[in-house]
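Chemist: Have a look at this fold, sequence not included:
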């Protein structure tokens with residue numbers, strides 16, 4: 001492609017990104033001022049994008065906005081994402097740095113399903129987690145991390161529509177304790193599974209926001225109780241959150257400081 005064509009693409013993308021970020025839309029004059037482009041160039045480019053549905057024009061006040069075709073394409077991108085492939089490198093690095101088993105899960109209704117697992121350098125430990133296995137949201141670190149990303153009403157709906165039972169003596173089965181746990185997770189930024197899902201196994205987990213700030217996935221570090229002291233978990237948290245942020249970015253989440261630090265997780 002000739003340089004002129006590349007330059008036109010650059011300018012069109014600049015305009016499109018401005019319109020996507022604008023809450024109230026922008027006129028030709030404002031777009032020209034923001035980009036430094038001549039008004040005739042702006043007019044030509046936004047109208048070309050409007051013909052393909054990427055931009056729409058409000059005929060009453062000549063304000064341009066991002067078009068719904070972008071949302072349609074983003075849905076296709078999300079549907080075709082191979083989350084495991086995107087997360088694999090970050091998970092392997094996290095496992096190497098901590099020497100422990102790392103899990104990736106996906107929400108499926110009121111349950112989580114394990115979709116990827118990297119065994120720790122300490123060797124395989126016996127856990128109920130296996131690829132394709134499901135567990136309730138309320139009794140797992142990854143599940144509680146996902147629940148904590150919801151508002152109170154949605155989290156309560158999940159709780160009320162789940163069959164609450166004690167998998168171990170440490171499983172949270174009282175609603176008041178459950179709500180308190182979620183609030184603590186929101187404040188500290190990660191979730192713990194203190195033998196609530198499986199005896200002698202402790203986990204630390206974090207939810208993974210996508211480009212909309214919504215959460216369908218979570219990541220965790222799991223190890224036997226003997227190796228997961230409070231001090232060791234504390235030392236693992238920065239690496240866990242770093243891996244979480246890296247995977248979230250792959251899913252279109254904003255960079256740290258724009259979304260991840262502000263998410264209610």
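Modeler: Happy to help now that I have it. Given the structure is predicted, the values throughout are model-derived calculations rather than measurements.
Chemist: Can you give me the pLDDT of the residue nearest the centre of the chain?
Modeler: Against the mean C-alpha coordinate of the chain, by Cα atoms, centre = their mean, the closest residue is residue 209 at 1.8 Å. Looking at residue 209, its pLDDT reads 93.
Chemist: Just want the phi and psi numbers for it.
Modeler: Here is the backbone geometry of residue 209 (degrees, to the nearest 10): phi -70, psi 150.
Chemist: Beta-bridge partners for it, please?
Modeler: Per DSSP bridges, the residues bridged to residue 209 are residue 215.
Chemist: Give me the distance between it and residue 41.
Modeler: 37 Å (Cβ to Cβ, to the nearest Å). (Glycine included, C-beta is placed from N, CA and C.)
Chemist: Just to check, the residue nearest to the centre of the chain is in contact with residue 248?
Modeler: Yes - the criterion here is Cβ atoms under 8 Å, and residue 209 meets it with residue 248 at 5.3 Å.
Chemist: ranges for the strands of the stretch 1-150 of the chain?
Modeler: Using DSSP state E, counting those that start in this stretch, the strands of the stretch 1-150 of the chain run over 55-58, 63-66, 101-108, 111-118, 134-136.
Chemist: any idea which helix or strand of this protein has the worst average confidence?
Modeler: Every helix and strand of the chain was ranked by mean pLDDT, DSSP states H and E. The lowest is helix 69-79, at a mean of 67.
Chemist: Contacts for stretch 169-181, please.
Modeler: Applying Cβ atoms under 8 Å, 6 or more residues apart in numbering, the contact partners of stretch 169-181 are 138-139, 144, 152, 155-156, 159, 164-166, 194-197.
Chemist: Run a quick neighbour tally on the residue lying closest to residue 24 once chain neighbours are set aside.
Modeler: Nearest residue to residue 24, sequence neighbours excluded (Cβ to Cβ, 6 or more residues apart in numbering): residue 63, at 7.5 Å. Number of residues near residue 63 (other Cβ atoms under 10 Å) recorded here: 17.
Chemist: residues contacting residue 63?
Modeler: Contacts of residue 63 by Cβ under 8 Å, 6+ apart are 24, 25, 26, 27, 57.
Chemist: Need the pLDDT of residue 43.
Modeler: 92.
Chemist: give me the number of residues near it?
Modeler: Neighbour count for residue 43, taken as other Cβ under 10 Å: 15.
Chemist: what's near enough to touch it?
Modeler: residue 28 are the contacts of residue 43 under Cβ under 8 Å, 6+ apart.
Chemist: And it, how far from residue 32?
Modeler: The value you get for residue 43 to residue 32, if Cβ to Cβ is used, is 9 Å.
Chemist: Look at residue 218 and give its secondary structure.
Modeler: At residue 218, secondary structure determined by DSSP: H, G, I helix; E, B strand; the rest coil is strand.
Chemist: That one - how many residues pack around it?
Modeler: Applying other Cβ under 10 Å, we find 30 residues neighbouring residue 218.
Chemist: Verify the contact between it and residue 146 for me.
Modeler: Yes - Residue 218 lies in contact with residue 146 (Cβ under 8 Å); the separation is 5.3 Å.
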